[in-house]
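*Asks:* Coordinates only, no sequence provided:
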């Protein structure tokens, strides 16, 4: 595999190059670029299999660069300083990222994922979801990228009814669609969806309030959705759930 490192700080490129050479034997060639324009030239000339892309550079951002890549034929890993908003955007789009300073274990895990997904042809659509998220798109128009063993799904957040924990997996129930089982736990999706209004009603359930029809007080309490689904409300979560519903 050929890797391209795009970062405006030479010492960070050097450090990442040394780690790739030390911990990632699947990488056979490494090239570098120091910004948006040089990165675009290297993508055209080098045809990398994987690109490690800095977010903030002297002549623009990694997002600016990706807007100009029409048909990306590579795996993409953003490398960024901690920025919660950008990280939320990565989570919505299911695009991988590494935090600076890069940890060797995290790098190896990202490389393993990139190698498994090397034939993934959905990157352009994932980048669109990423850019939509960064643009501050209204919640009802946002999309989230979900992946199971065989497919990648681009789901409107407004169409999610609720999420249910299944061990270390999460099952998404979609309005007018089949459920999607994703190999991430519910807590990870709570961190993504709660800031845009989803309600954690129970240790196993996360609900889209847009689809709630009523609160049923019988049998310990449950939310009834427009679709007829009944979502349990735990005693521990009851007050917070009722407060959230009253605030709407």
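*Replies:* Yep, it's here. These numbers come from a predicted model, not from an experiment.
*Asks:* now the helices: where do they sit in this protein?
*Replies:* With DSSP state H as the criterion, the chain has helices at 10-23, 36-46, 62-67, 84-93, 104-116, 123-134, 186-193, 235-246.
*Asks:* domains of the chain?
*Replies:* Per the record, the chain has its domains at 2-133, 158-246, by automatic domain parsing.
*Asks:* Quick check: which of those is nearest to residue 145?
*Replies:* Between residue 145 and the domains of the chain, the tightest spacing by Cβ to Cβ is seen for domain 2-133, at 3.9 Å. Any C-beta I mention is one placed from the backbone N, CA and C, and that applies to glycine too.
*Asks:* Burial-wise, tell me which of the helices of the chain comes out on top.
*Replies:* helix 62-67 (a mean of 20; mean count of other Cβ atoms under 10 Å).
*Asks:* What lies in contact with stretch 216-224?
*Replies:* With contact meaning Cβ atoms under 8 Å, 6 or more residues apart in numbering, stretch 216-224 is reached by 201, 207, 212-215, 230-233, 235, 238, 241.
*Asks:* Tally up the residues packed near residue 176, please.
*Replies:* 7 (other Cβ atoms under 10 Å).
*Asks:* Quick check: the gap between it and residue 6.
*Replies:* Counting by Cβ to Cβ, to the nearest Å, the separation of residue 176 from residue 6 is 41 Å.
*Asks:* what do you get for residue 103?
*Replies:* Distance of residue 103 to residue 6, computed by Cβ to Cβ: 20 Å.
*Asks:* which of these two has more neighbours?
*Replies:* Taking other Cβ under 10 Å, residue 103 and residue 6 do not tie; residue 6 has more neighbours (25 against 13).
*Asks:* so what's that one up against?
*Replies:* Here residue 6 is in contact with 32-35, 38-39, 42, 51-54, 57, 62, 65 (criterion: Cβ under 8 Å, 6+ apart).
*Asks:* Run through the neighbouring helices and strands of the helix or strand of the chain with the lowest mean pLDDT.
*Replies:* The helix or strand of the chain with the poorest confidence is helix 84-93; it has a mean of 86 (mean pLDDT, DSSP states H and E). Counting contacts by 3 or more Cβ pairs under 8 Å, 6 or more residues apart in numbering; DSSP states H and E, helix 84-93 is packed against strand 75-80, strand 96-99, helix 123-134, strand 143-147, helix 186-193.
*Asks:* Where does pLDDT dip in this protein?
*Replies:* Scanning the chain for pLDDT under 70 picks out the ranges 140.
*Asks:* Now the most centrally placed residue in it: closest residue in space, sequence neighbours ignored.
*Replies:* The residue lying closest to the centre of the chain (Cα atoms, centre = their mean) is residue 91, at 2.1 Å. Closest residue to residue 91 apart from its sequence neighbours, by Cβ to Cβ, 6 or more residues apart in numbering: residue 192 at 4.7 Å.
*Asks:* Check residue 211 too.
*Replies:* Excluding its sequence neighbours, the residue lying closest to residue 211 (Cβ to Cβ, 6+ apart) is residue 225, at 4.7 Å.
*Asks:* All set now, cheers.
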